[in-house]
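>>> Predicted model, plus sequence, below.
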Amino acid sequence: MPKKGPPKPTGAELQILRVLWDRGASTVREVQQELNATKPSGYTTVLKTLQIMTEKGLVRRNEKERAHVYEAQFAQHLTQRQMVSDLLNRVFDGSASNLLLHALASKKSASRDELAQIRQILDELERGEK
């Protein structure tokens, strides 16, 4: 049986995951307040989304305290890798070079640091280190 990665989060779920990755374990109120900094979100909406995410296995809920505390089930890099792999296969027929070319072309410019990281990854791949 193939190894299955983290479930794919929706856009709203991804916003919540970003808060949890940045803050660590948080209550519904803390997540909602963080989300409100960029886009108004209702408490019950965030609660319901977190409940759905718990059922999907995207987050864990600690029920020991009065206010339930949620944390991401998977590390950020694992979720990102799974989402990129899905995009790579669905949109670019598995071609990493096409994905990279389109990503760089759509951004219009890459910083020196980003280009250095890309070069480092390419060098590691050529040496068989990745």
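Arrived safely.
>>> gap between His68 and Arg127?
47 Å (Cβ to Cβ, to the nearest Å). Every C-beta, even on glycine, is put in place using the N, C-alpha and C of the backbone.
>>> out of the two, which sits in the busier spot?
Of the pair His68 and Arg127, His68 is the one with more neighbours under other Cβ atoms under 10 Å, namely 15 against 8.
>>> Can you tell me what sits against stretch 19-30?
31, 34-35, 43, 46-47, 50, 59, 62, 67-72, 75-76 (Cβ atoms under 8 Å, 6 or more residues apart in numbering).
>>> Kindly report the same for stretch 42-61.
Against stretch 42-61 from outside (Cβ under 8 Å, 6+ apart): 6-7, 9, 12-13, 16-17, 20, 28-29, 31-32, 35, 68-74.
>>> if we go to 10 Å?
Residues outside stretch 42-61 that contact it (Cβ atoms under 10 Å, 6 or more residues apart in numbering) are 6-10, 12-17, 19-20, 25-36, 41, 68-74, 79.
>>> Mind checking which of those residues land in helices?
Within the contacts of stretch 42-61, residues falling in helices by DSSP state H are 12-17, 19-20, 28-36, 79.
>>> list the helices and strands the worst-scoring helix or strand of the chain on mean pLDDT packs on?
Ranked by mean pLDDT, DSSP states H and E, the weakest helix or strand in the chain is helix 96-107, scoring a mean of 82. In terms of contacts (3 or more Cβ pairs under 10 Å, 6 or more residues apart in numbering; DSSP states H and E), helix 96-107 is packed against helix 76-91, helix 112-127.
>>> which stretches of this structure have low pLDDT?
Residues of the chain meeting the criterion pLDDT under 70: 1-5, 130.
>>> and it, what are its domains?
11-72, 76-127 (automatic domain parsing).
>>> Pick the most buried one from those.
domain 11-72 (a mean of 16; mean count of other Cβ atoms under 10 Å).
>>> Now do the end-to-end distance for it.
15 Å (Cα to Cα, to the nearest Å).
>>> Next, the angle helix 28-36 makes with the strand or helix carrying Asp22.
Take DSSP states H and E as the rule and Asp22 turns out to sit in helix 11-23. Orientation check (axes from the mean of the first three to the mean of the last three Cα atoms, to 10 degrees): helix 11-23 against helix 28-36 gives 110 degrees.
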